[in-house]
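Visitor: Quick one, structure for this:
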Amino acid sequence: MRLFPALRALFLLGLLSLSLQAGDALLGSWQTQREFSDGNEMHREVERLRFLPGSFQFTLKADIEEGRHQVKGLTFVAKGLWKREGELLVLFIQQIEFQGVEESHGIDPASYRSLIKGIRGRYLNDPIRIFHIDSEKDGVLTMKNGNGEVKRYRRGE
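Guide: Residues are numbered from 1 along each chain as shown. Now for the predicted structure:
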């Protein structure tokens, strides 16, 4: 969702001014894994969400393979603000940093930089994420984003 700068600023101020209930069940760590293919590429991703009162940290660790070309352990960390209202969860990503890569084979430097820029852009160009919480029980958090994609997170450490 894109908002005009003035509306975005008002939204952010609204988030900051709202207080979080201390007993919110989302507090703590959650994680999910998924595998998917995008054309000739195979992706494996692990996402970790850590909710603190009013702020969150999101870690994305990905392995991407396309034929002989591989990137393993590509890691990004995003931080921002969050607010929950009933079944609605709003995340506002304030920053995202590339943390590094564990292994890389057959990737030229230009493609590597393009991959990093593309993933960072995915979050910086659309920093406000809105989710509908479908369920939250037995250590499993099920959420749906605006595109209808369902993710199931398990309680982490």
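Visitor: Kindly list the longest strand within this protein.
Guide: If you go by DSSP state E, the chain has its longest strand at strand 69-85.
Visitor: That one pairs with which strands?
Guide: strand 55-66 (antiparallel), strand 88-100 (antiparallel), strand 103-105 (antiparallel) (DSSP bridges).
Visitor: model confidence over the shortest one, on average?
Guide: Put plainly, it is strand 103-105. When pLDDT is averaged over strand 103-105, the result is 90.
Visitor: residues in contact with that strand?
Guide: Residues outside strand 103-105 that contact it (Cβ atoms under 8 Å, 6 or more residues apart in numbering) are 68-73, 112. Any C-beta I mention is one placed from the backbone N, CA and C, and that applies to glycine too.
Visitor: what are the bridge partners for the residue nearest to the spatial centre of the chain, then?
Guide: If you average the C-alpha coordinates of the chain and look for the closest C-alpha using Cα atoms, centre = their mean, you land on F58, 5.2 Å from that point. Beta-bridge pairing for F58 (DSSP bridges): L49, A78.
Visitor: what does F131 give?
Guide: L89, N145.
Visitor: and the contacts of strand 103-105, which two are the farthest apart?
Guide: R68 and G73 (17.7 Å; Cβ to Cβ).
Visitor: of the two, who's got more company?
Guide: More neighbours surround G73 than the other of R68 and G73, with 14 against 8 (other Cβ atoms under 10 Å).
Visitor: So I107 sits against K72, correct?
Guide: No - applying Cβ atoms under 8 Å, one finds I107 not in contact with K72, separated by 10.8 Å.
Visitor: quick one, phi psi at the most far-flung residue of the chain relative to its centre?
Guide: For the chain, the largest distance from the centre (Cα atoms, centre = their mean) belongs to R68, which lies 27.7 Å off. Backbone torsions of R68, given as degrees, to the nearest 10, read phi -80, psi -10.
Visitor: Give the closest residue to it in space, chain neighbours not counted.
Guide: Sequence neighbours aside, G106 is the residue nearest to R68 in space, at 4.8 Å (criterion: Cβ to Cβ, 6 or more residues apart in numbering).
Visitor: ok, that neighbour - contacts?
Guide: With contact set as Cβ under 8 Å, 6+ apart, G106 has these partners: 67-70.
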